[in-house]
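Q: output the structure for:
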Amino acid sequence: MEGGSVGNNNLQPSVSDPPETDLEGFDDFTIASSWERFIAGVEQTCREWQATARPPPLVSGAKKVEGFPKLWVLTKEFSFDSKSYQLDFFFQVTGEDGMRGWSDGLHPLQLWFGVIDFLVMSPLSTSGAAVDASEATLLLSTVAVALANCGSSTPAFVPVHDMKCYQGIQGTKTHTIRYETNCISTWVPVRFMHLEGLYDLFFSKLAFKTAGSLIVPSIDVDFTMRLTYRTPMPGSKHYVTDNVSPDTGNVQHGEWDDGCPWADWLSVEDPVKGFELIATFSERTVRSSMEMAEYENISTLEADKWLLSLIKASEQRDEEKEESVGFAGQLPALVLAFHVAGEADFLEDFAAADKPYILHVTQSLDLPSPADVDHILKEIFQEGPWTSGDGVMDQDYAHGVKGAPADSLFAQFCLHSLQLGGCNIRAIAVLWIEFVREVRWYWDEGRTLPRMSPNARPDLSTCLLHQKLQLLALCIEEKARKQGVGGGQMTAPQGEDEQAATETQEEPDVSEVLETARMSSTAIDQIHDDLSTGNDSDEIWEDTMEEQAEMESVFGIGEERQKGLDGDSETKVLDSTHSLHSPVTQKPPVATEDMLEEQEQFLAALYKSPSVSFLSMILEDMAAFKAANPGAVLEDFIRWQSPQEWSENHKSAGSDGDTQSIETGRLSDHVVKPENLWRNIWDNIGTHTPSDQRPLFDYTLEAEKVMHYLDTVQPQELLIQMLATSFLVVANGMKVAFTDSTVPPFLTEEIEELFATMASVLPSLDPLNQPGKNALQHSRDWHTELLRLCAVFERVEANVFMAVSLGQKLKNAPRLLSVFIENNIGFRSNSTSRGGGASEREVVASLFPPLGPTQAWRKSLRMGNFLNGHEPIMREIVFSCHDEPVATSHDGGKQLRQRSHNSYSHRMFIAGTSKDLQVASNIISSD
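A: Numbers count the residues shown, from 1 in each chain. Next up is the predicted model:
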């Protein structure tokens with residue numbers, strides 16, 4: 001820093017002072033005035049600080065100055081004339097070399113006057129500054145006398161005018177330095193807004209004369225300049241609202257997250273509020289105001305150093321009122337709704353809120369308006385050519401979590417629920433009731449469900465609600481096909497007779513029959529008669545070949561359902577040499593995860609009350625198997641249907657010397673139990689080929705089952721699936737938001753950590769994963785885990801937002817982008833980057849879009865030093881004059897004193913904008 005030899009002083013005796021001798025005696029203060037006692041107190045404190053050891057951490061009572069990491073302070077209070085004052089000693093260990101140039105983290109007094117260690121004497125009052133010139137002179141004189149008595153040349157300052165200005169003094173044996181600041185904060189003269197006027201201001205402070213001449217000599221004036229620019233930000237005076245494209249001439253609009261998955265759902269404030277660019281011009285020398293004026297038009301790209309720093313939106317928000325933005329501010333509300341959902345068994349209870357036992361939960365929650373609900377329903381059921389939402393969800397998307405695809409109907413319900421009524425349980429209940437009512441309308445009218453593929457079988461990797469909606473979409477498509485309608489659109493009603501012939505028959509209550517008759521022959525015959533087409537009933541189900549082909553196009557190709565055996569020529573029927581043929585059976589009925597679990601339980605215990613739909617499939621399989629293998633026995637069917645229930649013994653030779661072997665073996669103990677129903681069913685079933693059988697899939701019955709499930713789903717079961725789907729959709733949105741190769745590995749690791757946390761917490765909430773345990777009763781146990789998941793998501797979301805915003809602004813400067821991402825994400829706090837080559841400077845300059853026509857006309861009224869038409873928000877200049885012409889030499893010619901690099905006679909720091917000006921000057925006078 002300039003003037004280092006002048007300012008680099010601490011509370012140490014001057015080198016030129018003679019050593020003090022120890023004299024016996026004492027100081028008599030009995031006749032001293034109050035001011036003298038005030039001086040003595042300050043002097044004693046200065047001597048104590050003068051003898052204090054370094055470094056600062058070892059100084060007793062020293063504290064770090066907040067905001068200035070290199071600076072420490074010692075404080076002492078005094079009383080004088082019924083007033084209290086405070087003396088602060090600011091010091092640092094960093095030497096003079098660290099103070100040169102435009103160093104970072106400098107105290108204003110260090111920057112203004114080029115000092116290192118300094119004292120500040122200030123009143124302990126509301127303003128903290130001297131109220132008038134007499135008080136300022138008194139305080140400054142007190143400290144100056146005390147320092148002189150100590151032999152110290154540490155500069156001392158007194159704040160005046162509400163601490164916006166200072167007066168100071170520094171004394172040595174050879175010269176005295178006067179420090180003074182002035183501030184213009186209301187109106188700046190136009191001449192002082194330009195470099196030429198500022199040069200004239202400094203030059204006017206130079207006090208010199210030459211013998212016998214009135215001509216002002218030419219003097220070299222050194223200066224350094226620092227220009228600070230800030231990118232335009234919405235709401236600021238520098239924001240350009242009519243940014244015109246240089247190519248098309250059209251006004252450009254756009255948000256920082258255009259094209260991101262969350263942009264359609266959230267209006268997120270840009271985490272990067274802007275950039276601050278500091279362009280520094282190193283020391284230059286001028287000899288006239290005309291030369292100085294030329295630097296006002298110099299390109300900022302020619303500056304010696306660029307420093308780019310980030311302005312974060314979080315730095316401009318009130319920390320006490322700061323709330324989470326994005327989905328991170330909404331998901332905890334969904335967790336809270338899950339936590340209270342167990343208070344009722346039906347969603348209608350939350351919507352009505354008329355039960356005493358849930359009033360304490362819902363009394364503070366507001367219902368959404370009908371208009372809001374209608375608007376959301378229109379968006380959820382908006383029809384269009386959707387490319388996803390077809391139930392296909394690969395492993396890279398699911399990550400072990402059972403949710404729904406992002407564009408599916410249920411996922412849209414979840415995302416809209418986050419936006420409605422603060423995502424409280426009452427708002428969710430009301431929206432769900434209306435959602436189910438709308439789904440019911442689509443089923444009744446035979447209209448294809450929006451956002452659901454009509455040809456996709458239920459995807460077992462998704463949540464149960466999405467599977468149910470997939471099944472319903474298939475039922476609607478089959479209903480439209482049966483009634484001869486294409487594209488899910490209903491035509492005019494059919495006649496009563498024709499309609500009755502096409503309606504699905506109600507299945508018999510097989511459970512009741514089995515329970516009362518224990519599968520007697522009569523009961524089995526009745527079941528089979530009801531399920532087959534070979535009876536005398538008028539209710540006949542018969543598909544033509546064309547209809548069967550349409551069915552296969554919806555439910556899968558018409559291939560045989562393979563079981564345990566392939567039915568090749570080497571597999572024989574038991575007790576016979578005939579080959580066992582694998583029959584062509586009907587396609588299995590479309591099933592969701594809970595239906596498949598029910599079927600598996602039925603296979604494990606067939607003697608218990610079976611499901612009607614699966615028993616129907618067993619009966620049709622037996623009938624088809626008998627038709628394909630005359631003379632077969634139950635053991636043959638078991639070998640084909642459930643080979644795990646059959647164990648091979650050996651192969652015996654055939655009768656009459658037949659060399660062909662006969663299959664032998666035994667059924668498992670589970671099947672041969674007396675109460676098992678396999679044998680009774682087999683003995684009483686007839687032989688029917690698939691073409692004579694009734695189709696296993698009853699679309700009307702299955703659709704009504706789906707609607708019943710949607711109507712009666714428990715609140716907490718709904719919330720469990722909403723949590724899984726919401727986290728899955730928004731987390732994948734975070735994952736696909738950035739694809740740039742400059743994304744650092746630690747951000748990818750954070751994304752993987754989020755999915756790992758989701759996979760460990762969310763599946764355990766699913767009641768299907770809790771056999772024999774009612775997981776819905778343990779919501780409180782999972783509340784903490786869910787909040788932990790929310791905290792992980794909040795951190796990841798904030799980092800992704802930051803990475804996407806930086807990538808959008810610095811995509812053409814990969815090195816800068818990488819540095820800023822690494823320095824501003826996670827626990828890192830450094831937010832600056834030094835400019836690189838010319839190409840990077842051009843990218844940074846592009847952050848300042850050229851001004852439109854409405855701003856360009858004001859250019860002549862501003863400061864100059866424009867960057868793409870933008871003036872600096874702050875221009876700081878340090879002028880210095882190292883010496884002045886002096887007396888005539890011995891031969892009559894004029895000469896200059898020897899110029900020292902670290903000395904100057906005048907120094908002035910100027911910081912100004914178009915509306916205020918701060919001037920700090922140092923003037924050295926020789927004693």
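
Q: in this structure residue 467 contacts residue 596, no?
A: No. With contacts counted by C-beta atoms under 8 Å, residue 467 stays clear of residue 596, the gap being 10.0 Å. No exception for glycine: its C-beta is placed from N, CA and C like everyone else's.

Q: between those two, which has more neighbouring residues?
A: residue 467 (27 against 15; other C-beta atoms under 10 Å).

Q: which strands and helices sit next to the host helix or strand of that one?
A: Using DSSP states H and E, residue 467 sits within helix 464-482. With contacts taken as 3 or more C-beta pairs under 8 Å, 6 or more residues apart in numbering; DSSP states H and E, helix 464-482 sits against helix 409-419, helix 425-445, helix 545-555, helix 593-604, helix 699-712, helix 715-736.

Q: shared neighbours, residue 467 and residue 596?
A: Common neighbours of residue 467 and residue 596 are listed as residue 460 (criterion: C-beta atoms under 8 Å, 6 or more residues apart in numbering).

Q: one step back: now the helix holding residue 467 and helix 715-736, what's the angle there?
A: Helix 464-482 and helix 715-736 are oriented at 90 degrees to each other (axes from the mean of the first three to the mean of the last three C-alpha atoms, to 10 degrees).

Q: outside of stretch 715-723, which residues touch it?
A: The contact list for stretch 715-723 (C-beta under 8 Å, 6+ apart) reads 334-335, 337-338, 341-342, 344-347, 350, 402-403, 410, 413-414, 417, 425, 428-429, 432, 463-465, 762, 765-767, 776, 779, 786.

Q: restricted to buried residues, select those residues in ChimeraX.
A: The ChimeraX selection below is limited to those of the contacts of stretch 715-723 classed as buried (16 or more other C-beta atoms under 10 Å):
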select :334,335,337,338,341,342,344,347,350,402,403,410,413,414,417,425,428,429,432,463,464,465,762,765,766,767,776,779,786
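
Q: how about residue 699, what does it touch?
A: 474, 475, 478, 479, 482, 504.

Q: which one among those gets closest to residue 356?
A: residue 475 (39.9 Å; C-beta to C-beta).

Q: got a list of what the closest one touches?
A: Contacts of residue 475 by C-beta under 8 Å, 6+ apart are 443, 699, 700, 702, 703, 706.

Q: take those and write them to a markdown table, including distance to residue 879.
A: Below are those laid out as a markdown table (distance: C-beta to C-beta, whole Å):
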| residue | distance to residue 879 |
| --- | --- |
| 443 | 83 |
| 699 | 89 |
| 700 | 92 |
| 702 | 88 |
| 703 | 86 |
| 706 | 83 |
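
Q: output the lowest mean pLDDT helix or strand found in this protein.
A: strand 894-896 (a mean of 35; mean pLDDT, DSSP states H and E).

Q: contact partners of whatever helix or strand comes next after that one?
A: For strand 894-896, the following helix or strand on the C-terminal side (DSSP H and E) is strand 906-912. Contact partners of strand 906-912, identified using C-beta under 8 Å, 6+ apart, comprise 2-3, 111-114, 188, 192-193, 198, 201-202, 205-206, 863, 874-881, 917-924.

Q: buried ones among the residues you listed?
A: Of these, these count as buried by 16+ other C-beta under 10 Å: 2-3, 111-114, 188, 192-193, 198, 201-202, 206, 863, 874-881, 917-924.

Q: any idea of the mean pLDDT in the longest helix seen in the chain?
A: When the chain is parsed with DSSP state H, its longest helix is helix 779-809. What helix 779-809 shows for mean pLDDT is 86.

Q: report the angle between it and helix 715-736.
A: 20 degrees.
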